[in-house]
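Undergrad: from the sequence below, what's the structure:
(one chain, ligands or ions: 1)
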Amino acid sequence: MIPFERAEKTVAPRAIPCSYPAAPGAFSCAAMRRERALAVKRSLIRDLRRSLNYLSPHRARLSVCLALTLVSGGLPALEPLAHRAIFDQISASAGVFGPGSGPAAPGEQSARALACLTLALCALVVLRQIAEGLAALAVWRVRLRINRDLLDETTARLHALPLSYHQERGVGETMTRVDRGITSLMDCLASVAFQLFPALVYLVVSLGIMLRLSPLLALVAVGFIVPPLLFGRATTARLVEREREVLDRWCGIYNRFQQVLSGIKTVKAFAREADEHARFIRSVEEAQGEVLKSIRLQTRLSAGRSVCVNIGRVALLGVGGLLVLRGELGVGTLVAFLGYVGGLYGPAQTLLGVYETARRAEVGLAAIFGVLDAEVAVADPERAVSPEHIRGDLELDQVSFRYQHAAGRAVIDGVSLSIRAGEFVAVVGPSGAGKSTLADLLLRLHDPTSGAIRIDGLDLRALSQRALRRRLGIVTQEPFLFEDTIEANLRYGSPDATSEALRAAARAACAEEFIERLPLGYQTLVGRGGVALSGGERQRLAIARTLLKDPSVVILDEPTSSLDIESETAVQRAIEGLSQGRTTLLIAHRLSTTLRADRVVVIEGGRVVEQGPPAALLRRGGAYRRMMDLWRAHEPSGARGPGRAGALEPALLEAAAASGAVA
Ligand SMILES: Nc1ncnc2c1ncn2[C@@H]1O[C@H](COP(=O)(O)OP(=O)(O)OP(=O)(O)O)[C@@H](O)[C@H]1O
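TA: Below is the predicted model:
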């Protein structure tokens with residue numbers, strides 16, 4: 001992820017690393033620069049080749065596009081010839097001097113010839129417009145199809161990439177990179193496929209005709225096109241650098257903006273709206289400063305080109321006029337040349353534009369291929385097992401895990417644990433002990449760094465992730481609801497569930513009552529992220545959603561920790577319904593919820609330090625007992641406050657006994 005701070009500060013020019021001694025240093029640095037430029041070129045060529053692969057599925061349509069674009073590119077090269085014929089005809093009829101002049105032709109015949117030529121020119125113009133229109137339509141068809149293919153591939157990749165990829169980058173950054181990357185790739189393909197060839201055709205045809213008409217004038221015309229081409233080539237590297245800088249800045253800006261909107265409650269609670277707004281605008285202005293530098297460069301380039309071409313035109317007029325005065329050139333030929341010079345500039349610019357677009361696309365291509373090539377660290381094996389049924393026996397065998405980019409100790413350190421199918425296990429431990437990481441490992445959102453996790457004796461890495469997750473259910477502290485109706489949210493994991501099953505799940509999750517109280521019942525919109533509901537209601541919907549899915553294993557990651565006592569009681573009842581007949585792993589801070597567990601596992605520093613039935617652990621007086629005493633002393637609720645601690649002790653043991661934990 002690119003931190004926002006990086007986007008905000010002025011980026012210093014990149015130093016070229018050179019470890020060679022001082023005297024030959026300059027030479028070595030130059031050699032390294034050349035080496036680096038060569039590497040950049042190689043990677044650009046590789047990326048361009050790869051981009052062209054996106055064209056191959058559309059070969060047939062492309063051929064049509066090419067034919068049409070070649071026609072629309074070739075026809076304009078003939079137009080100056082028609083101009084020449086018309087002018088020669090006029091000058092001949094009017095007795096203007098030059099090689100084409102002579103005695104004035106009879107008026108009617110000349111008028112007819114002129115009319116024919118004019119009609120031919122009109123036909124040429126109309127034909128060109130039709131070819132251009134058809135070409136544009138065909139090109140857009142292909143562009144849209146390629147765009148769809150790219151979106152298909154990119155979104156599939158983004159879905160497949162592991163959780164860690166998305167955690168390391170912000171949504172804003174990923175979206176900006178994908179958007180800019182696809183735009184660059186499309187521009188690059190469009191300019192290579194649809195502009196390069198017509199421009200080349202025009203150049204070759206017109207240069208051929210010009211050389212035949214007058215080699216001297218052809219040289220003058222070409223002479224004034226070369227300098228802008230060279231100038232453009234020299235500035236392209238700077239344009240690419242600007243492009244990279246601008247992309248980095250926009251990624252940072254949208255990353256922060258996305259965070260601000262997601263955390264708008266916190267922003268408002270701390271009254272930071274104005275600061276965030278000012279920060280955003282400041283960053284936008286800085287990014288626009290970069291854009292402006294790029295535009296300045298492009299404007300200079302474009303003005304330089306125009307000056308060159310216009311001077312070329314004037315020079316051509318001077319030299320051509322002289323040739324006409326000497327009787328070595330017809331007026332029509334001079335007019336045709338002037339047309340070619342104007343026309344030559346466009347395709348020459350297109351050729352340069354293709355080069356520029358390709359060079360600037362380097363940044364976008366790297367962005368999109370960076371997403372497409374990102375390692376899917378958690379992938380299905382070639383012959384992934386998709387079991388029909390999962391009982392829910394879990395086994396963690398010497399499991400260790402450390403986050404890839406986090407230096408330091410393993411977050412999970414040699415954990416071994418066996419959980420029987422149908423068992424209710426509560427996992428407790430201090431903050432940062434690794435409880436949620438353990439849940440993520442069970443869902444195979446990460447793979448263990450060492451050791452193995454098995455379900456029904458099968459290593460998770462051998463299973464299809466889809467098959468595994470269909471049989472696993474998770475309810476988190478902050479469940480995510482889509483901005484849709486209650487019914488659509490409940491059906492998210494089980495789109496084919498019957499209405500009866502839907503209602504039964506809502507009932508079992510103690511959600512039916514509040515849903516039916518809503519004016520639109522199951523059709524009520526929950527708002528973005530479920531804002532229209534209370535925390536307890538969201539949680540019960542999440543439990544109902546998981547119940548409807550009917551998983552064999554349920555993971556509850558602190559589902560009651562952010563709820564008030566009333567909601568907690570309702571959610572606890574829902575949890576009881578959910579855990580019936582399923583392997584249940586409850587990660588809990590509120591220790592009251594652990595008393596009904598068959599077993600409590602205490603984790604500290606990524607290791608299991610204690611495990612057993614809750615009542616037995618309470619009697620033993622170890623880590624669980626210490627946590628329970630601490631929790632009871634600090635729990636703010638009146639029922640569990642310090643003043644009632646003594647009275648609660650037997651109640652806790654009683655509850656543990658009621659669940660069968662105490663003999
Ligand atoms: N994506 C991540 N990258 C790097 N380190 C992480 C990541 N997620 C968690 N950690 C670190 O791993 C450790 C365990 O985190 P975890 O969330 O599993 O703890 P926990 O026991 O669930 O804590 P809590 O009860 O506060 O939710 C912590 O030190 C945390 O900082």
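
Undergrad: C-alpha only now, for contacts and for neighbours.
TA: Noted.

Undergrad: show me the contacts for the residue nearest in space to the middle of the chain.
TA: Here the mean C-alpha position of the chain is nearest to the C-alpha of residue 178 (C-alpha atoms, centre = their mean), at a distance of 3.0 Å. Listed by C-alpha atoms under 8 Å, 6 or more residues apart in numbering, the contact partners of residue 178 are 154, 367, 368, 371.

Undergrad: ok, now with 6 Å
TA: The contact partners of residue 178, taken as C-alpha atoms under 6 Å, 6 or more residues apart in numbering, are residue 368.

Undergrad: separation between it and residue 390?
TA: 38 Å (C-alpha to C-alpha, to the nearest Å).

Undergrad: residue 628: neighbour count?
TA: Number of residues near residue 628 (other C-alpha atoms under 10 Å) recorded here: 17.

Undergrad: that one in helix, strand or coil?
TA: Three-state call for residue 628 (DSSP: H, G, I helix; E, B strand; the rest coil): helix.

Undergrad: next one: phi and psi at the residue nearest to residue 436 when sequence neighbours are not counted?
TA: Closest residue to residue 436 apart from its sequence neighbours, by C-alpha to C-alpha, 6 or more residues apart in numbering: residue 557 at 6.7 Å. The phi and psi torsions at residue 557 (degrees, to the nearest 10) take the values phi -100, psi 90.

Undergrad: isn't residue 557 up against residue 474?
TA: No - using C-alpha atoms under 6 Å, residue 557 makes no contact with residue 474, being 7.4 Å away.

Undergrad: circling back: just list whatever residues bridge to the residue nearest to residue 436.
TA: residue 587 (DSSP bridges).

Undergrad: dump the residue contacts of it.
TA: Per C-alpha under 6 Å, 6+ apart, neighbours of residue 557: 476, 477, 587.

Undergrad: any idea how far the ligand is from it?
TA: The gap separating residue 557 from the ligand is 8 Å, by C-alpha to the nearest ligand atom, to the nearest Å.

Undergrad: distance check, that residue against residue 263.
TA: Per C-alpha to C-alpha, residue 557 is found 21 Å from residue 263.

Undergrad: likewise for residue 330?
TA: 75 Å.

Undergrad: more crowded one of these two?
TA: Between residue 330 and residue 263, counted using other C-alpha under 10 Å, the more crowded position is residue 330 (26 against 12).

Undergrad: would you list the phi and psi of the more buried one?
TA: phi -80, psi 160.

Undergrad: so how far is the ligand from it?
TA: Taking C-alpha to the nearest ligand atom, one finds residue 330 at 78 Å from the ligand.

Undergrad: which stretches in the stretch 501-650 of the chain count as strands?
TA: Secondary structure of the stretch 501-650 of the chain (DSSP state E, counting those that start in this stretch): strands located at 553-557, 583-587, 599-604, 607-612.

Undergrad: how many residues are close by residue 492?
TA: 16.

Undergrad: in three-state terms, how would it be classified?
TA: Of the three states, residue 492 takes helix under three-state DSSP.

Undergrad: what sits closest to it if chain neighbours are left out?
TA: Of all residues not flanking residue 492 in the chain, residue 545 sits nearest, at 7.2 Å (C-alpha to C-alpha, 6+ apart).

Undergrad: and whichever residue of the stretch 201-350 of the chain sits closest to the ligand, how far from residue 276?
TA: Per C-alpha to the nearest ligand atom, residue 259 is where the stretch 201-350 of the chain lies closest to the ligand, at 16.6 Å. Computed as C-alpha to C-alpha, the residue 259 to residue 276 distance reads 11 Å.

Undergrad: over to residue 460?
TA: 44 Å.

Undergrad: again, but for residue 397
TA: Using C-alpha to C-alpha, residue 397 is found at 48 Å from residue 276.

Undergrad: equivalent analysis for residue 286, please.
TA: The value you get for residue 286 to residue 276, if C-alpha to C-alpha is used, is 15 Å.

Undergrad: then residue 569?
TA: 39 Å.

Undergrad: the ligand contacts on the stretch 101-250 of the chain?
TA: Residues of the stretch 101-250 of the chain lying near the ligand by C-alpha under 6 Å from any ligand atom: none.

Undergrad: returning to that earlier point: can you count the residues close to the residue nearest to residue 492?
TA: 27.

Undergrad: again with residue 361
TA: So residue 361, with other C-alpha under 10 Å, has 28 neighbours.

Undergrad: contact partners for residue 583?
TA: Neighbours of residue 583 in contact, by C-alpha under 6 Å, 6+ apart: 392, 421, 422, 423, 424, 553.

Undergrad: who does it form a beta bridge with?
TA: Beta-bridge pairing of residue 583 under DSSP bridges involves residue 553.

Undergrad: the ligand contacts on the protein?
TA: So far as C-alpha under 6 Å from any ligand atom goes, the chain lies against the ligand at 403, 406, 411, 431, 432, 433, 434, 435, 436, 437.

Undergrad: those residues in helices, which ones?
TA: Among the residues of the chain next to the ligand, the members falling in helices (DSSP state H) are 435, 436, 437.
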